[in-house]
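A.B. asks: What would the 3D arrangement of this be:
(one chain, ligands or ions: 1)
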Amino acid sequence: MTKPANPIIAAIDTTDLATAKQWSAQLGDHVGLLKLGLAFYLAHGQSGVRAVTDRPVFLDLKLHDIPNTVAGGVKAVLPLSAAMLTLHAGGGSAMIAAARNAAEAAGPARPKLLAVTVLTSLSAEALAETGVADSPAAQVLRLARMALKSGADGLVCSPQEVAMLRAEIGPEPLLVVPGIRPLGADIGDQARTLTPREAMSAGADWLVIGRPITGAADPAGAAAAIAADLATGGSS
Ligand SMILES: O=c1ccn([C@@H]2O[C@H](COP(=O)(O)O)[C@@H](O)[C@H]2O)c(=O)[nH]1
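C.D. replies: Residues are numbered from 1 along each chain as shown. Below you'll find the model as predicted:
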């Protein structure tokens, strides 16, 4: 896949339809893609997605269930012609294969399936609480290999694993990367972060950025500044 001209994905994290429409209008020209997540989808469904934009979106539903149920979920959202759709790698190889099989019904324009490896909000300690004693990087790599073998088109990982993954999986699989914080930005509930430039230099294809853009006094200006910095090779 060719690298996007603007690698920023703006996370439209709100359940307020008017706010989502406003951010979409403000950010459309300054980012490469808009992402709508579970909270928005639960509040407004497919009609809400269509009301926010007529462009293909990144549908971040993080599906995680038995294979038959996830396949049904994938089929149900195909009419939206999303560009990308997420599912949890932790659902296992059969679940991912079932999702891929379901997505194929949409033909070549099907959504790219991205497997979420280890959430960027999990530190090594928080991951250990879930029963995984390995480091986040080791668990990301284990899940990444399984997910790509099972039919995922790409991965969601933290910026701290991007260089390691690129070295292990090569240039082809999409790496879509949240946990992005420009210098000085509030980290909030994220645990494994890097700056936009660090993540791109490590080999990310797309950067998912929410609050550093939508929480700014001027969201369009914030997105444009990050995009310009990336385009000119700045240091943030
Ligand atoms: O591991 C993951 C997977 C998904 N996300 C999503 O990305 C954005 C990040 O928003 P920020 O405000 O920039 O923290 C958000 O929609 C998450 O649901 C993630 O952060 N980590």
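
A.B. asks: could you show me where the helices are in this structure, in order?
C.D. replies: Secondary structure of the chain (DSSP state H): helices at 17-27, 38-52, 67-77, 93-103, 124-129, 136-150, 162-169, 196-202, 211-214, 219-232.

A.B. asks: do you know which of those helices lies nearest the ligand?
C.D. replies: helix 211-214 (3.4 Å; Cβ to the nearest ligand atom). Bear in mind the C-beta positions are built from the backbone N, C-alpha and C, glycine included.

A.B. asks: Write out the residues of this structure neighbouring the ligand.
C.D. replies: 11, 13, 37, 116, 119-120, 156, 178-179, 188, 190, 208-212 (Cβ under 6 Å from any ligand atom).

A.B. asks: What about the residue of the chain found nearest the ligand, how many residues nearby?
C.D. replies: For the chain, the residue closest to the ligand is residue 210, as judged by Cβ to the nearest ligand atom, at 2.6 Å. Neighbourhood size, residue 210 [other Cβ atoms under 10 Å]: 19.

A.B. asks: partners of the residue nearest to it when sequence neighbours are not counted in the sheet?
C.D. replies: Distance criterion Cβ to Cβ, 6 or more residues apart in numbering; nearest residue to residue 210, sequence neighbours excluded, is residue 11 at 3.3 Å. Using DSSP bridges, the beta-bridge partners of residue 11 come out as residue 35.

A.B. asks: Residue 57 versus residue 11, what's the distance?
C.D. replies: 11 Å (Cβ to Cβ, to the nearest Å).

A.B. asks: How about residue 227?
C.D. replies: 18 Å.

A.B. asks: Neighbour count: the two, which is higher?
C.D. replies: residue 57 (24 against 19).

A.B. asks: So the more buried one sits against residue 34, correct?
C.D. replies: Yes - using Cβ atoms under 8 Å, residue 57 makes contact with residue 34 at a distance of 5.3 Å.

A.B. asks: returning to that earlier point: now do the same contact list for the residue of the chain closest to the ligand.
C.D. replies: Residues near residue 210 by Cβ atoms under 8 Å, 6 or more residues apart in numbering: 10-11, 13, 178.

A.B. asks: out of the residues you listed, who has the most neighbours?
C.D. replies: residue 10 (29 neighbours).

A.B. asks: List phi and psi for the most far-flung residue of the chain relative to its centre.
C.D. replies: Distance from the centre of the chain peaks at residue 133, with 25.0 Å (Cα atoms, centre = their mean). Dihedral pair for residue 133: phi -80, psi -20, per degrees, to the nearest 10.
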